[in-house]
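> Sequence first, then the predicted structure, then my questions.
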Amino acid sequence: MAQTLFRNCRVWDGSGAATFPADVLIHGEHIRTVARDRGQLDPGGADVIDANGMTLMPGLVEGHSHITFINAPRPTDIGDTPPEEHTLIAARNVRLLLDHGFTSAYSAASAKLRIDVVIRNAIEAGELPGPRLRACGPEITVTGGLGDDRRVHQFRDSFAIVADGPTEVTKLARLCIREGVDSIKLNISGDDFTRTGAPPRTVMSEAEITAGVTVAHDFYRKVNAHCRAAEAVKRAVRCGVDVIYHCEHADEEALDLLESVKERVFVGPAIGLLHAAVHEAPAGALHPGLRQGFELGLEAAARAYPEMKKRGIRVVIGGDYGFARTPQGENARDIAHFINHLGYSPAEALVCATSHGAALMGIHAGYVRKGFLADLLLVDGDPVADPNILCDKDRLVAILKGGDAYKLDRSALQRRTMRAAE
Ligand SMILES: [Zn+2]
């Protein structure tokens, strides 16, 4: 079995504790030893890499991934893309994610039913480079909900499929599962993008949510939900949803409910899209009403998330990368957004980006510790001092997935050794 020994690392181990110097031995897919007494490990037949003080840390996890988002300005552009082109774009997107240090991605929805599934299968078969992927189905929405872009005079596919009433939701959830998804997605609340109302509206009924959750859990699958409104968060928790996205308008009662299920439920703010809309969209690029909705959303998130952190609710980074102003590959910008908007320290934000994400994936990864999967990054620099270096893929000197070096930039290692010798 292949072995790699990283010597002279600074280890940031995924727990939030301070970095420490160590040597780390990887055996096959797993971390075998993290030795704080450096220079003591017998390299045996291992490939020895002198990290020269670079940081070894867990691989990043995108917790609200949309590999089928195409960097287009409007949601309808996603629906307009034919399946053949769409699959190729998704194949490029997963490679981009891995290139940027994301060794895992938990999908928050696939714009077409089978794309996540076939991409996941190709990655697992070793046919396509990409992160470990949890495949989701399309967003299940109600008539007039987020992703229903039909008009009375015109049918138009979007990134969602419409299902009204528990019977239709049941049938659609079963169809998604038959086709191989790991999770289904329910759009419980409205969104700034919908014509029927702003995010504080809740449009999917408890009977519909319960139908989706029952089917998914019958088949041992998870349920992800789009919940901007407080009432949507409450319905999601009451009906047994597993992953609750956005949640920025959560009130005290919604926060209490989230706290009551914090051992089981994960939350993701998808803050990148709100940040980009408010701070980076050129003047006039957004309809004034849309802009105001995003501003309210960002302000609400800045109130809700520090409270969630205080209550120990597990939050993951990522989300809604794949629009024009949040292009795929820039997902690690979320770490700085957590610090600048949501009150997280750099170490706390990095925990959301690594060990929380791995727990959401359901994999034994996310820590640089003995026995954990060797999904690791070797970073030129200190990501706790400056998390933005993780946005620069040239600073990711090594990217390992299950012990396999997807990337190992030996010339960067050499330059570092020369700098150290000077
Ligand atoms: Zn999303």
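Looks like it arrived, so ask away. Numbers count the residues shown, from 1 in each chain.
> Whichever residue of the stretch 51-200 of the chain sits closest to the ion - how many residues pack around it?
The ion sits closest to A108 of the stretch 51-200 of the chain, with a gap of 4.5 Å, by Cβ to the ion. The C-beta positions use only the backbone N, C-alpha and C, and glycine is treated the same way. By other Cβ atoms under 10 Å, the residues close to A108 number 26.
> I'd say it and L273 touch.
No. A108 lies out of contact with L273 (Cβ atoms under 8 Å); the separation is 11.7 Å.
> Give the residues shared as contacts by those two.
G319 (Cβ atoms under 8 Å, 6 or more residues apart in numbering).
> longest helix anywhere in the protein?
helix 288-310 (DSSP state H).
> Toward the C-terminus from that helix, list the very next helix or strand.
The helix or strand immediately downstream of helix 288-310 is helix 333-342, counting by DSSP states H and E.
> Now do that following helix against helix 288-310: the angle between them, please.
Relative orientation of helix 333-342 and helix 288-310, computed by axes from the mean of the first three to the mean of the last three Cα atoms, to 10 degrees: 90 degrees.
> Pull the residues that contact whichever helix or strand comes after helix 333-342.
The helix or strand immediately downstream of helix 333-342 is helix 346-353, counting by DSSP H and E. Contact with helix 346-353 is made by 12, 14-18, 57, 60-61, 63, 309, 314-317, 332, 334-336, 338-339, 344, 383-385, 387, 390, as judged by Cβ under 8 Å, 6+ apart.
> name the helices or strands packed onto the helix or strand just after helix 346-353?
Later in the chain than helix 346-353, the nearest helix or strand by DSSP H and E is helix 355-361. In terms of contacts (3 or more Cβ pairs under 8 Å, 6 or more residues apart in numbering; DSSP states H and E), helix 355-361 is packed against strand 60-65, strand 102-107, strand 266-268.
> switch the cut-off to 6 Å
Packing partners of helix 355-361 (3 or more Cβ pairs under 6 Å, 6 or more residues apart in numbering; DSSP states H and E): strand 60-65, strand 102-107.
> Looking at those, which one is packed in the most?
Stretch with highest mean neighbour count among the helices and strands packed on helix 355-361: strand 60-65 (a mean of 32; mean count of other Cβ atoms under 10 Å).
> strands paired with that strand, and their directions?
Using DSSP bridges, the strands paired with strand 60-65 are strand 102-107 (parallel).
> Only alpha carbons, please: show the strand it pairs with as PDB.
Extracted in PDB, the C-alpha atoms of strand 102-107 (Å, rounded to 0.1, in the frame of the first residue of the first chain):
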ATOM      1  CA  PHE A 102     -12.500  20.700  -2.000                       C
ATOM      2  CA  THR A 103     -12.100  17.000  -1.400                       C
ATOM      3  CA  SER A 104     -15.800  16.600  -0.600                       C
ATOM      4  CA  ALA A 105     -19.000  18.200  -1.800                       C
ATOM      5  CA  TYR A 106     -22.500  17.800  -0.400                       C
ATOM      6  CA  SER A 107     -25.000  18.600  -3.100                       C
END
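> Any residue of the next helix or strand after it touching the ion?
Counting by DSSP H and E, the next helix or strand C-terminal to strand 102-107 is helix 115-124. No. Residues of helix 115-124 are not located near the ion by Cβ under 5 Å from the ion, the shortest gap being 12.8 Å.
> just how off-centre is helix 115-124 within its chain?
17 Å (Cα atoms, centre = their mean, to the nearest Å).
> Can you spell out which helices and strands pack onto it?
In terms of contacts (3+ Cβ pairs under 6 Å, 6+ apart), helix 115-124 is packed against helix 83-99.
> For the helix it packs on, which outside residues touch it?
Contact partners of helix 83-99, identified using Cβ atoms under 6 Å, 6 or more residues apart in numbering, comprise 67-68, 70, 105, 112, 115, 119, 128-131, 328-329, 393, 406.
> filter those residues to the buried ones?
Neighbour counting by 16 or more other Cβ atoms under 10 Å classes 67-68, 70, 105, 112, 115, 119, 128-131, 328-329, 406 among these as buried.
> Check the residues you listed and tell me the two furthest apart.
Pairwise distances across the buried ones among the contacts of helix 83-99 peak at 26.7 Å for K112 and Y406 (criterion: Cβ to Cβ).
> related to what we said a few turns ago, put the alpha carbons of the longest helix of the chain into CSV.
Extracted in CSV, the C-alpha atoms of helix 288-310 (Å, rounded to 0.1, in the frame of the first residue of the first chain):
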residue,chain,number,x,y,z
PRO,A,288,-34.0,47.4,-6.8
GLY,A,289,-36.5,45.0,-5.1
LEU,A,290,-34.1,42.1,-5.5
ARG,A,291,-31.2,44.1,-4.2
GLN,A,292,-33.2,45.2,-1.1
GLY,A,293,-34.2,41.5,-0.4
PHE,A,294,-30.5,40.5,-0.5
GLU,A,295,-29.6,43.4,1.8
LEU,A,296,-32.2,42.3,4.3
GLY,A,297,-31.1,38.7,4.0
LEU,A,298,-27.4,39.6,4.7
GLU,A,299,-28.4,41.8,7.7
ALA,A,300,-30.7,38.9,9.0
ALA,A,301,-27.9,36.4,8.6
ALA,A,302,-25.5,38.6,10.6
ARG,A,303,-28.0,38.5,13.5
ALA,A,304,-29.0,34.8,13.3
TYR,A,305,-25.6,33.0,12.7
PRO,A,306,-23.7,34.4,15.7
GLU,A,307,-26.6,33.1,17.8
MET,A,308,-26.4,29.7,16.1
LYS,A,309,-22.7,29.6,16.8
LYS,A,310,-23.3,30.4,20.5
